[in-house]
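Q: Quick one, what's the 3D model for this:
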Amino acid sequence: MLLAEEKIEDVVKDFRKKKLNVGYMKFKVNMMDHQHQSPNLVLHSDTTEGVQQQADYYDNISDNLMALQHQLLKPLYDHLQGLYEVEIAVDDEGHFLMDSVSIKLQLLLPQGIDNMKAHLYTRLQPYCLLYKYIHKMEFKGTRGQLRNVLFHAELNPKEINKIFKQSQVNYNILNHWMTIVHKVCRDIYTDNEHSYSNGFRVVAGKMHYHNRTIRRMKKFTL
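A: Just a heads-up that it's a prediction; the model follows:
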């Protein structure tokens, strides 16, 4: 459990008090928060005030928050040691639209790793279980080092537990990712002056290196 039941009730109580209509909710989970030295969850919500709701509207939001924790937030927390964001729309009755939930996963890479490729080969494996649902990947680096990998996915939360418990790593996909990592690291290492980003469209787990989107940033002192 990420949020205790009483914290969820406090959130919903505030919604009820202000007569808020909730359009969507975004959950940002940071498992590597160096400032607070402990994981934290930030909840963003897009709301409209002063809306008279059906009698069970806020009860539905509460029930759906509890279900989302068990079905998606907790499994991601348990299996991925990184940052992630989950964005979900809410209908007029207070139900979450679960058919396709937007997820952004971020794998942060520490500095000073002797063998980055070996480290990534291990760390990418749990993310590789989700390859069928990932539609975009980004590799970002600065000062000649790869610093993080981002995954953009769409999936039904009801499937996530089955994916993590029953799926096996597809090593053809993992090795393909490692080939891309090798090329991306080469790009970042040879462009030591910029913050650097390679973005790839992902189809069935595969990326095409020559169709990547490249972003560079350089800071100047005035």
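Q: ranges for the strands of the chain?
A: With strands called from DSSP state E, the chain shows them at 21-30, 40-48, 83-89, 101-108, 134-142, 145-155, 195-201, 213-217.
Q: list the buried ones in the fourth one?
A: Taking 16 or more other C-beta atoms under 10 Å as the neighbour-count basis, strand 101-108 is seen to contain the buried residues V101, I103, K104, L105, Q106, L107. Where C-beta positions appear, they are placed from N, C-alpha and C, glycine not excepted.
Q: For it, enumerate the helices and strands it packs against.
A: In terms of contacts (3 or more C-beta pairs under 8 Å, 6 or more residues apart in numbering; DSSP states H and E), strand 101-108 is packed against strand 83-89, strand 145-155.
Q: how close does the residue nearest to C185 when sequence neighbours are not counted sit to Y189?
A: Counting by C-beta to C-beta, 6 or more residues apart in numbering, C185 lies nearest to L146, which is 5.4 Å off, once chain neighbours are set aside. Using C-beta to C-beta, to the nearest Å, L146 is found at 9 Å from Y189.
Q: Show me which of the two is the more surrounded one.
A: Counted by other C-beta atoms under 10 Å, L146 and Y189 do not tie: L146 has more neighbours, with 22 against 13.
Q: can you pull the contacts of E85?
A: Listed by C-beta atoms under 8 Å, 6 or more residues apart in numbering, the contact set of E85 reads K26, F27, K28, V29, I103, K104.
Q: what's the single longest helix in this structure?
A: Under DSSP state H, the helix in the chain containing the largest number of residues is helix 171-190.
Q: what does it contact?
A: 116-117, 120-121, 124-125, 128, 131, 137, 139, 141, 144-146, 196, 198, 200, 205-207, 209, 214.
Q: Return the distance of that helix from the chain's centre.
A: Relative to the centre of its chain, helix 171-190 is centred 21 Å away, using C-alpha atoms, centre = their mean, to the nearest Å.
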